[in-house]
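Quick check, what structure comes out for this input:
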Amino acid sequence: MPRKPTAAEATTAKANPGVTAAPLSPASDSRSVFPRTIRPIGAYSIQDLIVAAGTLVVLDTVRGYLLQVGVDNDNSVILNPHQVELLRDATSIACWETDLWFTRDDSVYVCRGAIQPQPDSPGGIVLDDLQPERFVALTYPADGVAIWRSTVYVTCQKAGYILVFAEDTGDLITKHPAPGIGVENLTVWEEELWVCDTTEQTVYCLDRATGEVQFSILTPFEGPTGLAFLPQAADGSPVLYVSYAGEEAYVRDDPNADPPHQLAWRDRTFLHPLFFAHYPADHYTLSNGYLIEICYVEELSSLETITLKDVEWRIALPSETPRQKVRWVEPVGMPFTEEEQDGQRVAVFRFDSIHPDEGRLFGWRAQLEVYGIKYHLTPPDVEGHPPLPPALQVRYLIDDDDLAMGTQIVQDAAKAAVGRETNTLRQMISIRNYVYDRLSYALTVRIETPDVVLRRGKGSCGEYVGVLLALARLNGIACRTVGRYKCPNHPEMRRVPLQPDFNHVWLEFLIPGIGWLPMESNPDDVQERGPYPTRFFMGLAWYHTELGRGISFEGVKTEGVPLADTDLDISIGDLALNHIQFTILDDLIPPAPTA
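You can find the predicted model right below:
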């Protein structure tokens, strides 16, 4: 095994270039400049990966293949060509020295002495005939397996635990609570257990002895299935690679059909380096980032035959946050002046008048660094926090956005959601779960107030946010709306203009003494009556863009009066058509915390 990183290295992204493995052909001797995405040729669904005798080996559960993979060129060799049925539907693999371990159904198996180094072979190893011995049978399906010296770790979603066995006797030593709710796989790195959860879209770093979560990392893609540390050529320091498996939609050209273009699905599986930077003092961890450009432009396209005079059109600019950095902003179409509103940057466009037949484009373009972020806080961490300052109570505990906080149904819901709980973190998760139990997602024509939404039982993301805000504020928790647009989640599509399908909002809640914490509105409401994942509770994926935190994204005044306060029955949407465009430019490694 490669050396364990130092404490300083463990809090930074794994940034050393040049991931290597034994070549499968002379052509693969040229080393990558940067850790790359690996797409093994012939793989259908990669469920796990290991490094055996310096060689990357992956498990394809659909075909039952153990594939030896070239890190630099994706070349694949089937190591078990005559025993594929043995590993079909297997869920995990592990190795220690020459022993190969795997899980299938409810059992963990070991093949003693199966892995044999052979320098003359095209990859450095061969597999002897696999002679599996059942190590242990569980009551429920065994999901993941990992080995460290004389200890065997097995994940079991149905049991809700990571089970720890003695390798020599098969006796259960102890068990640790599973950190997430989905199917989990794991690997060991000396004193740490690293666990990935398919549903949670998260990798957890656990203390190997106690099972306590040290920190967690959001993965840039959905459906992580396995993970392993791959050594690097320069100094042996590791890069954490994660496997992903699922399906993707694509447009199929069928010349025999009319029309010829049809929606179809295909397998999508690959390995991707997971970069991260842990900020223990601030309770969060950043993960893979991307350099993107976002463009927001309004096109005057009035639906009303009216003329507005002395118009001030305000559009929020991207915010500076722990996970989002603004490199530059420039005007599009016409210049603007920049103002600050409650600590947020706002572009202000001014017009002497706007006529119904007038054509204009105006807006801004910005280049951003965006990262995934995941906070790690437990209820004891927030006990005894200072009270909310009066100035924030006046601003963030009031009904300032049609939250129907005075209605009986909303007040009853606020009480029922938290019960007798007094811990702020537990209150927030209880409120979220209460709302998820009572609402299901539906795209709506207009945003209704929380009392209407609770009676209806369905809501859009904005309506979820309204209900969450109302219940939290009635329980004394300061909250505010954040968001506006998500970059289309296609990081492999570079320098191609991408348009989001619709806008999106989420919220932040405040824990005094710690800060504002993000919480998604509805994406974690994934199954009827739970349990619900917490991937976006105190976490955001890289594709969220934060535009004007805690302020209105866009507003229009005419002759000094907000448009909504005039006797004109029109909205911004009646005056202009917006154009939103994203362009993904490059990968980014999260910056390490400064000393």
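
Strands of the stretch 251-400 of the chain, residue ranges please.
Here the stretch 251-400 of the chain has its strands, by DSSP state E, counting those that start in this stretch, at 261-273, 276-279, 284-300, 308-316, 324-332, 337-341, 344-354, 361-375.

tell me the angle the last one makes with strand 284-300.
Okay, so that is strand 361-375. Note on geometry: by axes from the mean of the first three to the mean of the last three CA atoms, to 10 degrees, strand 361-375 and strand 284-300 are set 160 degrees apart in direction.

Tell me which of the strands of the stretch 251-400 of the chain sits nearest to residue 561.
In this view, the strands of the stretch 251-400 of the chain are compared for proximity to residue 561 by CB to CB, and strand 308-316 is the closest at 9.7 Å. Where C-beta positions appear, they are placed from N, C-alpha and C, glycine not excepted.

Which strands border the closest one, and is each parallel or antiparallel?
When pairs are called by DSSP bridges, strand 308-316 turns out to pair with strand 344-354 (antiparallel), strand 554-558 (antiparallel).

on that earlier part again, of the strands of the stretch 251-400 of the chain, which is nearest residue 556?
With CB to CB, the closest approach to residue 556 among those belongs to strand 308-316: 5.3 Å.

what is the mean pLDDT for the closest one?
Strand 308-316 shows a mean pLDDT of 96.

Kindly export that strand (C-alpha atoms) in PDB.
Included here for strand 308-316 are C-alpha records, laid out as PDB according to Å, rounded to 0.1, in the frame of the first residue of the first chain:
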ATOM      1  CA  LEU A 308     -42.400  53.500 -18.300                       C
ATOM      2  CA  LYS A 309     -40.400  56.600 -17.400                       C
ATOM      3  CA  ASP A 310     -37.200  56.900 -15.300                       C
ATOM      4  CA  VAL A 311     -36.700  53.200 -15.000                       C
ATOM      5  CA  GLU A 312     -34.200  51.500 -12.700                       C
ATOM      6  CA  TRP A 313     -33.700  47.800 -13.400                       C
ATOM      7  CA  ARG A 314     -31.700  45.900 -10.700                       C
ATOM      8  CA  ILE A 315     -30.200  42.400 -11.200                       C
ATOM      9  CA  ALA A 316     -28.200  40.700  -8.500                       C
END
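
Quick check: buried residues in it?
For strand 308-316, the buried set under the neighbour-count rule, 16 or more other CB atoms under 10 Å, comprises 308, 311, 313-316.

What lies in contact with it?
By CB atoms under 8 Å, 6 or more residues apart in numbering, the surrounding residues in contact with strand 308-316 are 296, 298, 339, 344-354, 362-364, 484, 547-548, 551-560, 575.

tell me the two of the buried residues of strand 308-316 that are most distant?
Across the buried residues of strand 308-316, no pair lies farther apart than 308 and 316, at 20.8 Å, counting by CB to CB.

picking up where we left off before, can you put the strands of the stretch 251-400 of the chain in JSON lines and add distance to residue 443?
Formatted as JSON lines, the entries for the strands of the stretch 251-400 of the chain read as follows, by distance: least, CB to CB, whole Å:
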{"stretch": "strand 261-273", "distance to residue 443": "19"}
{"stretch": "strand 276-279", "distance to residue 443": "34"}
{"stretch": "strand 284-300", "distance to residue 443": "21"}
{"stretch": "strand 308-316", "distance to residue 443": "23"}
{"stretch": "strand 324-332", "distance to residue 443": "26"}
{"stretch": "strand 337-341", "distance to residue 443": "30"}
{"stretch": "strand 344-354", "distance to residue 443": "28"}
{"stretch": "strand 361-375", "distance to residue 443": "25"}
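
Of those, which is nearest residue 496?
Using CB to CB as the measure, strand 284-300 is the one of these that comes nearest residue 496, at 11.5 Å.

If the closest residue to residue 540 other than its chain neighbours is in a bridge, with which residues?
Leaving out its chain neighbours, the residue that sits closest to residue 540 by CB to CB, 6 or more residues apart in numbering is residue 518, at 4.9 Å. On the basis of DSSP bridges, residue 518 is bridged to residue 508.

Pull the contacting residues for residue 518.
By CB under 8 Å, 6+ apart, the contact list for residue 518 reads 373, 375, 482, 506-508, 536, 538-540.

what's the answer for residue 317, then?
With the criterion set at CB under 8 Å, 6+ apart, residue 317 makes contact with 326, 329, 338, 344-347, 364, 366, 547-548.

for residue 146, same thing?
For residue 146, the residues meeting the contact criterion (CB under 8 Å, 6+ apart) are 94, 152-153, 186-188, 193.

what does residue 447 give?
With contacts taken as CB under 8 Å, 6+ apart, residue 447 has the following neighbours: 460, 462-463, 466.

who wins for neighbours among those residues?
Using other CB atoms under 10 Å as the neighbour criterion, residue 466 leads these with 28 neighbours.

starting at the chain centroid, how far to the host helix or strand of it?
Assignment of secondary structure by DSSP states H and E places residue 466 within helix 461-474. Helix 461-474 sits 22 Å away from the centroid of its parent chain (CA atoms, centre = their mean, to the nearest Å).

elements contacting it?
Here helix 461-474 touches helix 408-418, helix 424-438, helix 450-456, strand 479-486, strand 504-511, going by 3 or more CB pairs under 8 Å, 6 or more residues apart in numbering; DSSP states H and E.

out of these, nearest to residue 264?
Nearest to residue 264 among these is strand 479-486; the distance by CB to CB comes to 24.9 Å.

per-residue pLDDT, residue 531?
With respect to pLDDT, residue 531 has a value of 94.

The closest residue to it other than its chain neighbours and residue 524, how far apart?
Taking CB to CB, 6+ apart, and ignoring the residues beside it in sequence, residue 531 has residue 181 as its nearest neighbour in space, at 4.9 Å. Taking CB to CB, to the nearest Å as the measure, residue 181 falls 10 Å from residue 524.

shared neighbours, these two?
Residues touching both residue 181 and residue 524 (CB under 8 Å, 6+ apart) are 532-533.

contacting residues around residue 532?
181, 432-433, 436, 524-526.

what comes into contact with stretch 553-565?
By CB under 8 Å, 6+ apart, the list of residues contacting stretch 553-565 reads 308-316, 484, 547, 566, 570-572, 575.

Might you calculate how far stretch 161-176 sits from the centre of the chain?
31 Å.

Buried residues of that stretch, list them for me.
Taking 16+ other CB under 10 Å as the neighbour-count basis, stretch 161-176 is seen to contain the buried residues 161-165, 167, 175-176.

again with stretch 56-64
Within stretch 56-64, the residues that qualify as buried by neighbour count (16+ other CB under 10 Å) are 56-61, 63-64.

same question, stretch 442-454
Of all the residues in stretch 442-454, those buried under the rule 16+ other CB under 10 Å are 447-451, 453-454.

cool, and stretch 374-391?
Counting neighbours by 16+ other CB under 10 Å, stretch 374-391 gives 374-376, 382, 388 as buried.

Just the mean pLDDT for it, thanks.
If you average the per-residue pLDDT over stretch 374-391, you get 94.

what sits up against that stretch?
By CB under 8 Å, 6+ apart, the residues outside stretch 374-391 that reach it are 202, 213-218, 283-285, 287, 396-397, 423-426, 476, 478, 510-514, 517-518, 535, 538-539.

How far does it sit from its chain's centre?
Relative to the mean C-alpha coordinate of its chain, stretch 374-391 is positioned 24 Å out (CA atoms, centre = their mean).

Just the C-alpha atoms of that stretch, please, in PDB.
Provided in PDB are the C-alpha atoms of stretch 374-391 (Å, rounded to 0.1, in the frame of the first residue of the first chain):
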ATOM      1  CA  LYS A 374     -20.600  19.700   2.700                       C
ATOM      2  CA  TYR A 375     -20.700  20.900   6.300                       C
ATOM      3  CA  HIS A 376     -20.200  18.400   9.100                       C
ATOM      4  CA  LEU A 377     -21.900  19.400  12.300                       C
ATOM      5  CA  THR A 378     -23.600  17.300  15.000                       C
ATOM      6  CA  PRO A 379     -26.300  18.400  17.400                       C
ATOM      7  CA  PRO A 380     -23.800  18.700  20.300                       C
ATOM      8  CA  ASP A 381     -21.700  21.100  18.200                       C
ATOM      9  CA  VAL A 382     -24.500  23.600  18.200                       C
ATOM     10  CA  GLU A 383     -25.500  23.400  21.800                       C
ATOM     11  CA  GLY A 384     -25.200  26.600  23.700                       C
ATOM     12  CA  HIS A 385     -24.900  28.800  20.700                       C
ATOM     13  CA  PRO A 386     -25.400  32.500  21.400                       C
ATOM     14  CA  PRO A 387     -28.900  34.000  20.900                       C
ATOM     15  CA  LEU A 388     -30.000  35.500  17.600                       C
ATOM     16  CA  PRO A 389     -29.200  39.200  17.700                       C
ATOM     17  CA  PRO A 390     -32.200  41.500  17.700                       C
ATOM     18  CA  ALA A 391     -31.300  43.000  14.300                       C
END
